[in-house]
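Asker: With the sequence up front, the predicted model follows.
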Amino acid sequence: MRDDPTVVSLVRRAHAGDKDAWDEIVERYAPLVWATCRAFRLSRDEADDVAQTVWLALLDHRLREPAALPGWLATVTRRECGRRSASAAWQRTHLKPWADHDAPADDAPVDRELLEAERNTALYAGFRQLGERCRTLLSLLVRLPPAPYEEISATLGIPVGSIGPTRGRCLAELRRRPEVAALIRSEGG
């Protein structure tokens, strides 16, 4: 995701004062911030405070490498969550000595949730760039339960026998989107 031109453009526009760009950055990357907070087992109020701190830090910080935004956000969020967790642990130890001591959270869930959030962000960005027909077809196929082929045929006005090949072309187009292609390369696929 480091070479995503959309991220670079968003960061530059946001730092130039474009409110829509800021809104899109928050919309795209809030799941990454929240996933990290969940992995640190922060309360909802603590997570709200962390998120606010992270977004304010971004507002005050001009990234040298705008494409590094996802990694920067993940790092700042982890550090802030760590500060909150350490502060809470200190308070439990020194202010409430009778409280049970929690073991530190395993890093694996944090990494897994961060990777999942990054993957979802890339897929969503690529999906938004597809044509209306592909977006509709893929949406009907991934909903739970998937739409029957007859419904898809009627909705899109294509024969049932064309749904599979059309799905294949739409997925191939999704894989060619820069965000998704970068994700595939980073996952070794």
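Answerer: Structure received. Numbering: from 1, shown residues only.
Asker: low-scoring stretches of this protein, by residue?
Answerer: Low-confidence segments of the chain (pLDDT under 70): 1-3, 86-110, 189.
Asker: Would you map the helices across it?
Answerer: Using DSSP state H, the helices of the chain run over residues 5-15, 19-39, 44-60, 69-94, 107-129, 132-142, 149-156, 163-176, 178-186.
Asker: Quick one: these as a markdown table, columns for mean neighbour count too.
Answerer: Glycine gets a C-beta too; all of them are placed from N, C-alpha and C. As requested, these are exported to a markdown table (neighbours: other Cβ atoms under 10 Å):
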| stretch | mean neighbour count |
| --- | --- |
| helix 5-15 | 18 |
| helix 19-39 | 18 |
| helix 44-60 | 15 |
| helix 69-94 | 17 |
| helix 107-129 | 16 |
| helix 132-142 | 15 |
| helix 149-156 | 14 |
| helix 163-176 | 14 |
| helix 178-186 | 17 |
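Asker: quick one: residue 156 from residue 132, how far?
Answerer: To residue 132, residue 156 is 10 Å away according to Cβ to Cβ, to the nearest Å.
Asker: got it, and residue 33?
Answerer: Taking Cβ to Cβ, one finds residue 33 at 31 Å from residue 132.
Asker: Now do the contacts for residue 14.
Answerer: 21-22, 25 (Cβ atoms under 8 Å, 6 or more residues apart in numbering).
Asker: one more time with 10 Å
Answerer: Counting by Cβ atoms under 10 Å, 6 or more residues apart in numbering, residue 14 touches 20-26, 58-59, 63, 66, 69.
Asker: Next up, the contacts around the closest residue to it other than its chain neighbours.
Answerer: Spatially, and ignoring its direct neighbours in sequence, residue 14 is nearest to residue 21 (4.1 Å; Cβ to Cβ, 6 or more residues apart in numbering). Residue 21 is in contact with 9-15, counting by Cβ under 10 Å, 6+ apart.
Asker: Domain-wise, how is the chain divided?
Answerer: 1-98+105-129, 131-189 (automatic domain parsing).
Asker: how far out from the middle of the chain is the shortest one?
Answerer: Okay, so that is domain 131-189. 21 Å (Cα atoms, centre = their mean, to the nearest Å).
Asker: burial count for residue 147?
Answerer: For residue 147, the neighbour count with other Cβ atoms under 10 Å is 17.
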